[in-house]
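**Student:** With the input below, show me the fold.
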Amino acid sequence: MTLKDRLKNIENNTPEIVEEFSFNDYIVDAISQKISTIPVWYEYDYSEQFELILSFLDSKLNTEFEDLELSETEKKAIAEEFLRNNNGFGILDKLLAKKNCSSVMVNSLGIVYLENKGRYEKTDLVLSNKQYSSIISRFKSTSPVLKVRENNFYITLITPPVADNMLIIKKIKDIYDTFSDLTQNGLISSELQKFMEYIIRTKKNIIISGQSDSHVNEFMKIIINSINETNQIAVIEDSLMYRPNMDNISSFSVTSLDDIEYQNILSTVADLNPDYIVSQIKDYKKFLSLYLNINDLTRGILTQISASSITDVTNRLVNMGMIALKSTEKQAKLKLASTFDYVIYLENLSKDSYRISSIMEITSTKSSSLVLNEVVRFVGDGYVLDFEEDYPYDEGLELDSLEQNALTNFRSRLR
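**Tutor:** Okay, here's the model as predicted:
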């Protein structure tokens, strides 16, 4: 009998209890509750935590489960599994470990809700005041609204006087796909893959836009994954969304910086002279400062802008330019055309699925008029690529026919 089988149910003289009781769930809850009573738990290193869990397990087995015999190997396996799924959220870790859980929310009464497919559902779990306080106390903030990234989670904590305590812990999915993976999975055509790789390799300045921030964020990660690992990438972002998992990425979180500190970061990034600069900034003032610092010689800029359409994207940038530069509309359009080469727009198909609906090339005429040429569009069941005859791009490949994708996520949300 395997360890998993042995831990599933403890033999008992009452059949009804045997079917309902899970030793594994019980011991995870018990360890979590024990940890919540140890204020210095997170000051211990892994080996110290490991030994404490083994000691607690022995105590439980000797006092409550005398008839259950576990080998040292099996006890160590329990401790290892617990620590592997222990993110410091106490009893909430068990919910966050579930594959169908995208986030959990705890209201002021300690009632826990689990988000599944975009809806929060009430669970039977209610945190005691002690458990709730133990989790909240980990986050030191002078602000009543705290938003922070920790490991693979976004944490939002709202405290008085804004509202009674509310905690939201949202899981972040790591994205490892490249353009090649999307082609292999039938999500884009080989022709579109080659085009995307070309505009990245030649360091075109690109805007990635869409209505959903999460879709745009994930597609940006795919672009980053597709960049040759010999190139250096600087990421300027709000909340360390792109946690570096490659040694060629340097990330800078700018949310809490004042104007002078932010300008110092921009100066530092310029001094680093990276091959690519990725911008994920929602703050209007900070984004505008970055936009104005991009000159005609700056290449490899990849930036995100939430918008309802490509027209909405260009209108926003033109209006920004007119205000900041105190220029005419024509001058602001010329600034846009000289700064960016392409706009990639992502169309929402559902909360968890999307596709590239259009890619526009940004150019200007001799009279400084802004021109948007659609070079890629999704039509029917596939992509149509429309280039000038002298476009420096591989020709002669037949377009792949794609299903009309309502493709969902784990690795790329383009699935």
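
**Student:** CA only for contacts and neighbour counts going forward, please
**Tutor:** Fine.

**Student:** residues in contact with stretch 360-370?
**Tutor:** Identification of contacts with stretch 360-370 by C-alpha atoms under 8 Å, 6 or more residues apart in numbering yields 330-331, 333-334, 337-338, 340-344, 371-376.

**Student:** Can you show me the CA trace of that stretch as CSV?
**Tutor:** Extracted in CSV, the C-alpha atoms of stretch 360-370 (Å, rounded to 0.1, in the frame of the first residue of the first chain):
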residue,chain,number,x,y,z
MET,A,360,-0.9,47.4,-37.6
GLU,A,361,2.2,49.0,-38.9
ILE,A,362,2.6,52.6,-37.9
THR,A,363,4.1,54.9,-40.5
SER,A,364,3.8,58.5,-41.6
THR,A,365,3.6,60.3,-45.0
LYS,A,366,5.9,63.0,-46.2
SER,A,367,3.3,65.5,-45.0
SER,A,368,3.6,64.0,-41.5
SER,A,369,0.2,62.4,-41.6
LEU,A,370,-0.2,59.3,-39.4
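
**Student:** Give me the buried positions along that stretch.
**Tutor:** 360, 361, 362, 363, 364, 370 (16 or more other C-alpha atoms under 10 Å).

**Student:** what does stretch 60-77 give?
**Tutor:** For stretch 60-77, by 16+ other C-alpha under 10 Å, it's 74, 75, 76.

**Student:** possible to save these as JSON lines with pLDDT, distance to residue 272 and secondary structure?
**Tutor:** As requested, the buried residues of stretch 60-77 are exported to JSON lines (pLDDT from 0 to 100; distance: C-alpha to C-alpha, whole Å; DSSP: H, G, I helix; E, B strand; the rest coil):
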{"residue": "74", "pLDDT": "88", "distance to residue 272": "50", "secondary structure": "helix"}
{"residue": "75", "pLDDT": "88", "distance to residue 272": "49", "secondary structure": "helix"}
{"residue": "76", "pLDDT": "89", "distance to residue 272": "46", "secondary structure": "helix"}
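
**Student:** just these now: which is nearest residue 309?
**Tutor:** residue 76 (54.2 Å; C-alpha to C-alpha).

**Student:** one step back: in a markdown table, list the buried residues of stretch 360-370 along with pLDDT.
**Tutor:** Output for these, formatted as a markdown table (pLDDT from 0 to 100):
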| residue | pLDDT |
| --- | --- |
| 360 | 94 |
| 361 | 94 |
| 362 | 93 |
| 363 | 91 |
| 364 | 87 |
| 370 | 88 |
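
**Student:** how about low-confidence regions in the stretch 201-350 of the chain?
**Tutor:** 239-246, 296 (pLDDT under 70).

**Student:** all helices of it, in order?
**Tutor:** 213-226, 259-272, 284-293, 310-325, 329-339 (DSSP state H, counting those that start in this stretch).

**Student:** closest to residue 176 out of these?
**Tutor:** Closest approach to residue 176 among the helices of the stretch 201-350 of the chain (C-alpha to C-alpha): helix 213-226, 6.6 Å.
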